[in-house]
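Student: return a 3D structure for these sequence lines:
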Amino acid sequence: MIPSAREKFLKSFSTQRYEEFLKALNNVHPGQIDFRVAETPVFVPADFKNKMLDACESIIDLILDENFISKTEASIPPGEKVKGSSSIPQMIAFDFGICVSESGEPEPRLIEMQGFPTLFGFQPILAGYYKAYFDIAESFSPHPLQMSSEEYAAVLKKTILGNHSPEEVILLEIFPEKQKTRIDFYCTEDLTGIQTVCLTQLQKEGRNIYYLRDGKKTKVKRIYNRVIFDELNKIVNVNTLPVKLTDDLDVEWVPHPDWFYRISKYTLPFIHHPYVPATYFLNEVNQLPGNLSNFVLKPLFSFAGQGVIIDVQQEDIYKIENPEQWILQEKVEYKEVIPTTNIPSKAEIRIMYIWEEGESRPKPVMNLARLSKGKMIGVRYNEGHDWVGGSIALFEG
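Tutor: So this is what the prediction gives:
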């Protein structure tokens with residue numbers, strides 16, 4: 001997207017250098033990167049970055065609206081509302097596909113968002129290894145606001161720990177050793193000193209929960225929550241767990257699990273912005289658009305693109321028994337804008353926000369990128385391709 005930076009990168013690229021980069025990156029925590037890392041970062045010009053941030057800030061205005069909580073109350077499925085509350089979602093992520101406008105200029109289009117953590121621990125490390133092993137100008141930064149790596153680490157650490165010691169905070173996941181993003185858990189441990197704990201290993205006494213740290217029973221006061229309800233309900237019978245997330249627990253949440261639903265696909269129909277595709281609750285669509293081929297159907301309660309219907313037919317809509325749990329969204333056409341050594345790649349960029357306690361708004365602090373040559377972003381659509389996989393955007397200074 002920045003031709004001079006792309007040309008410089010491709011001239012210096014070699015398979016040997018890429019393999020050396022991968023070897024070094026994997027040595028951070030051997031055997032824990034369970035996804036393909038792309039050959040390149042995405043070089044993002046300031047104007048494109050500002051377009052994404054403009055869309056993000058308009059959505060944050062919506063989240064700050066006094067009616068947002070009441071508007072999104074129905075987003076939380078029955079039986080999954082978690083007790084306690086959090087006045088702010090400490091972490092928010094916005095996913096944008098890289099498209100091309102009618103005038104031929106690169107243009108972001110919002111795909112999804114989530115009031116939930118993402119790879120906050122791993123991404124700065126990935127950026128550092130790209131810059132160490134490839135010919136990339138020092139002025140390029142993974143931080144949208146050009147903060148220093150030290151500032152970023154301090155903000156992330158403070159957000160996760162709050163006012164507690166590392167021993168009193170855990171990263172909570174279900175079977176973390178099996179998660180494809182587990183490299184992020186270990187990078188987060190390195191930064192904060194907290195321990196990753198499986199939900200099955202917690203102990204409960206009254207409203208208090210405990211875990212074993214170095215063999216010692218330790219009280220949990222704050223949870224950095226990485227458990228996704230959609231995943232949890234498919235993996236285990238929640239009634240057999242020693243602790244249910246919906247129990248009345250004496251803990252702080254980062255972020256509170258309710259934000260996963262409030263800031264999600266459910267929020268899209270409330271947003272009106274040039275870089276946000278038109279989205280409708282299916283049960284509120286009185287007349288189907290004549291150009292159904294320009295829309296996709298998405299279930300509200302699914303994760304990682306599961307259940308999405310890309311090539312929508314009227315029959316697909318008529319078959320849906322619970323239209324209130326689906327959205328009809330204007331299709332986003334990714335464009336192959338990333339030149340490679342062979343065919344170009346498509347990409348999407350996730351802008352990652354942190355909302356610090358006491359601040360009036362969250363700030364964009366990090367990002368994540370994913371490259372693709374398949375019909376959709378994701379592993380199963382990109383098998384056998386190179387120049388695809390996890391990456392990061394580098395913003396020009």
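Student: low-confidence ranges, the chain, go.
Tutor: 302-306, 376, 378-381 (pLDDT under 70).
Student: need the phi and psi values for the spatially most central residue of it.
Tutor: Nearest to the geometric centre of the chain sits Thr118, at 4.5 Å (Cα atoms, centre = their mean). For Thr118, the backbone dihedrals (degrees, to the nearest 10) come out as phi -140, psi -150.
Student: that one contacts Ile351, correct?
Tutor: No - judged on Cβ atoms under 8 Å, Thr118 makes no contact with Ile351 at a distance of 10.3 Å. C-beta coordinates here come from the backbone N, C-alpha and C atoms, glycine included.
Student: Leu172 sits in which helix or strand?
Tutor: strand 169-173 (DSSP states H and E).
Student: what helices or strands is that strand leaning on?
Tutor: helix 182-192, strand 195-198, strand 222-225 (3 or more Cβ pairs under 8 Å, 6 or more residues apart in numbering; DSSP states H and E).
Student: which one, of these, ends up nearest to Pro344?
Tutor: helix 182-192 (27.4 Å; Cβ to Cβ).
Student: tell me the buried residues in that closest one?
Tutor: Residues of helix 182-192 classed as buried by neighbour count (16 or more other Cβ atoms under 10 Å): 182-189, 191-192.
Student: repeat that for stretch 162-175.
Tutor: Here stretch 162-175 shows 167-174 as buried, counting by 16+ other Cβ under 10 Å.
Student: as CSV, those with distance to Ala369 would be great.
Tutor: Supplementary listing: these in CSV, determined by distance: Cβ to Cβ, whole Å:
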residue, distance to Ala369
Glu167, 35
Glu168, 34
Val169, 29
Ile170, 29
Leu171, 23
Leu172, 27
Glu173, 23
Ile174, 27
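Student: which one of those residues is nearest Leu394?
Tutor: Closest approach to Leu394 among the buried residues of stretch 162-175 (Cβ to Cβ): Leu171, at 27.1 Å.
Student: check contacts around that closest one.
Tutor: 185, 188-189, 194-197, 224, 226 (Cβ atoms under 8 Å, 6 or more residues apart in numbering).
Student: not counting sequence-adjacent ones, nearest residue to Val276?
Tutor: Leu110 (4.5 Å; Cβ to Cβ, 6 or more residues apart in numbering).
Student: is it correct that that neighbour falls within a helix?
Tutor: No - Leu110: not assigned to a helix; according to DSSP: H, G, I helix; E, B strand; the rest coil it is strand.
Student: excluding its backbone neighbours, what's nearest Phe48?
Tutor: Pro106 (5.6 Å).
Student: wait, isn't that neighbour in contact with Met52?
Tutor: No - counting by Cβ under 8 Å, Pro106 sits too far from Met52 to count as a contact (10.8 Å).
Student: neighbour count winner among the two?
Tutor: Met52 (25 against 16; other Cβ atoms under 10 Å).
Student: now do the same contact list for the more buried one.
Tutor: Contacts of Met52 (Cβ under 8 Å, 6+ apart): 94, 96, 108, 275, 349, 351.
Student: next, it: phi, psi?
Tutor: Dihedral angles (degrees, to the nearest 10) for Met52: phi -60, psi -50.
Student: the stretch 251-397 of the chain: strands as residue ranges?
Tutor: 252-254, 279-281, 295-299, 326-330, 346-354, 363-372, 389-391, 393-395 (DSSP state E, counting those that start in this stretch).
Student: direction included, what does the longest one pair up with?
Tutor: Okay, so that is strand 363-372. strand 346-354 (antiparallel), strand 389-391 (antiparallel) (DSSP bridges).
Student: mind putting those strands in TSV, distance to Ile317 included?
Tutor: Listed next are those as TSV, based on distance: least, Cβ to Cβ, whole Å:
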stretch	distance to Ile317
strand 346-354	26
strand 389-391	34
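Student: just the ones you listed: most buried one?
Tutor: Of those, the one with the most neighbours on average (mean count of other Cβ atoms under 10 Å) is strand 346-354, at a mean of 24.
Student: ok now that one, how far from the chain's centre?
Tutor: Put simply, strand 346-354 sits 7 Å off its chain's centre (Cα atoms, centre = their mean, to the nearest Å).
Student: got it, and stretch 245-255?
Tutor: Worked out by Cα atoms, centre = their mean, stretch 245-255 lies 21 Å from the chain centre.
Student: one more: stretch 28-35?
Tutor: For stretch 28-35, the distance to the chain centre is 19 Å (Cα atoms, centre = their mean).
Student: that stretch: which residues count as buried?
Tutor: 28-29, 32-33.
Student: please save the CA atoms from that stretch in CSV.
Tutor: Taking C-alpha atoms only, stretch 28-35 is exported to CSV below (Å, rounded to 0.1, in the frame of the first residue of the first chain):
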residue,chain,number,x,y,z
VAL,A,28,10.6,-17.1,21.7
HIS,A,29,8.4,-19.9,22.9
PRO,A,30,9.4,-23.1,21.0
GLY,A,31,6.5,-25.0,19.5
GLN,A,32,3.8,-22.5,20.6
ILE,A,33,3.1,-20.7,17.3
ASP,A,34,0.2,-22.7,15.9
PHE,A,35,-0.7,-20.6,12.9
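Student: tell me how far Phe229 lies from Leu241.
Tutor: Computed as Cβ to Cβ, to the nearest Å, the Phe229 to Leu241 distance reads 12 Å.
Student: of the two, who's got more company?
Tutor: Phe229 (20 against 16).
Student: wait, that one touches Ser264, no?
Tutor: No - contact criterion Cβ under 8 Å: Phe229 and Ser264 do not qualify, at 11.3 Å.
Student: who touches stretch 222-230?
Tutor: 77, 80, 116-117, 160-162, 164, 168-174, 176, 179, 185, 188, 194, 199, 245, 251-257, 260, 301-303.
Student: an error on my part: the question was meant for stretch 264-276.
Tutor: 51-52, 54-55, 58-59, 62, 71-72, 74-75, 96, 107-110, 112-115, 279-281, 284, 298, 300, 327, 329.
Student: and the residues you listed, which are buried?
Tutor: Buried, going by 16+ other Cβ under 10 Å: 51-52, 55, 59, 62, 72, 75, 96, 107-110, 112-115, 279-281, 298, 300, 327, 329, out of the contacts of stretch 264-276.
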